[in-house]
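>>> How does the following fold in three dimensions:
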Amino acid sequence: MSETNRSTWDFLADTYWYVTPPDLPALQFSPGDNLLNWQIDQTVWHISNYKNGYFFGVSSAIIRDPDDTNNKPRQVKLVGTVTAGGQVQITFIGDRLVNDTVITGFGHITKVDDQWTFQMQMVAATGSNYLFHWANMMQTKEGDPSWDNLPGVDYSVPEMLTGASYPHFSGYGQ
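Model (predicted):
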């Protein structure tokens with residue numbers, strides 16, 4: 001990878017990202033009975049802003065059993081950092097309601113087939129179970145087939161993000 005600096009990632013502002021079909025499977029582990037189960041995890045990010053190595057926006061996910069098609073998206077805020085070299089850490093934060101969990105994902109931004117890609121890993125507590133997932137998050141935009149028909153779910157990007165509440169600056173430090 002060529003030499004980069006913080007401005008390399010300026011393009012992240014107002015971008016959308018999703019999970020491609022090969023990366024939809026996530027592994028659920030139930031420690032109480034030592035069972036592993038495959039889940040489908042379609043996640044959409046809208047990175048609404050980027051500045052000086054920090055980015056933020058909204059994440060919307062549908063996590064479901066492969067046979068279940070009735071799930072609705074769950075939205076959380078995302079706040080992340082990216083180093084000049086492309087190392088990424090993203091924290092996903094709910095509205096601090098009962099049973100809300102803070103989830104942290106780790107990875108890096110790299111080029112795959114001449115497209116910038118977030119290669120990410122995370123683990124999340126889901127009740128008494130744990131969900132493990134790694135994925136290549138690929139960019140999508142209006143006009144792309146993935147924009148109107150996300151793999152693994154019956155939703156478009158706008159439908160996944162309907163009603164989203166975005167983090168924003170209080171005025172100082174914008």
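
>>> any idea how far the host helix or strand of Thr91 is from the chain center?
Secondary-structure assignment from DSSP states H and E places Thr91 in strand 87-93. Computed by Cα atoms, centre = their mean, to the nearest Å, the chain-centroid distance of strand 87-93 equals 9 Å.

>>> Paired strands for the next helix or strand after it, with orientation please.
Under the assignment DSSP H and E, the closest C-terminal helix or strand after strand 87-93 is strand 103-112. The sheet places strand 103-112 alongside strand 87-93 (antiparallel), strand 115-126 (antiparallel), with pairing taken from DSSP bridges.

>>> circling back to that earlier point, pull out the buried positions in the strand holding Thr91.
Applying a neighbour-count criterion of 16 or more other Cβ atoms under 10 Å, one finds Val88, Ile90, Phe92, Ile93 buried in strand 87-93. The way it works is simple: take the backbone N, C-alpha and C, and place the C-beta from them, glycine included.

>>> same question for that strand, mean pLDDT?
Model confidence over strand 87-93 averages 95 on the pLDDT scale.

>>> likewise stretch 11-25?
The average of the pLDDT scores along stretch 11-25 is 97.

>>> what do you get for stretch 161-168?
The average pLDDT for stretch 161-168 rounds to 92.

>>> who's in contact with stretch 144-157?
Stretch 144-157 has contacts (Cβ atoms under 8 Å, 6 or more residues apart in numbering) with 16, 18-21, 24, 40-42, 44, 46, 62, 69, 71, 73, 138, 140-141, 160.

>>> and if you look at stretch 119-136?
Counting by Cβ under 8 Å, 6+ apart, the neighbours of stretch 119-136 from elsewhere in the structure are 19-20, 22-24, 26-32, 39, 41, 43, 63, 88, 90, 92, 99, 101, 103-110, 112, 117-118, 137.

>>> Which PyMOL command selects the buried ones in those residues?
Listed next is the PyMOL selection for buried residues among the contacts of stretch 119-136, using 16+ other Cβ under 10 Å:
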select buried, resi 19+20+23+24+26+28+39+41+43+63+88+90+92+103+105+107+109+117+118+137
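
>>> and the longest strand seen in the chain with strand 103-112, angle?
Secondary structure of the chain per DSSP state E: the longest strand is strand 35-51. Using axes from the mean of the first three to the mean of the last three Cα atoms, to 10 degrees, one finds that strand 35-51 and strand 103-112 are set 70 degrees apart in direction.
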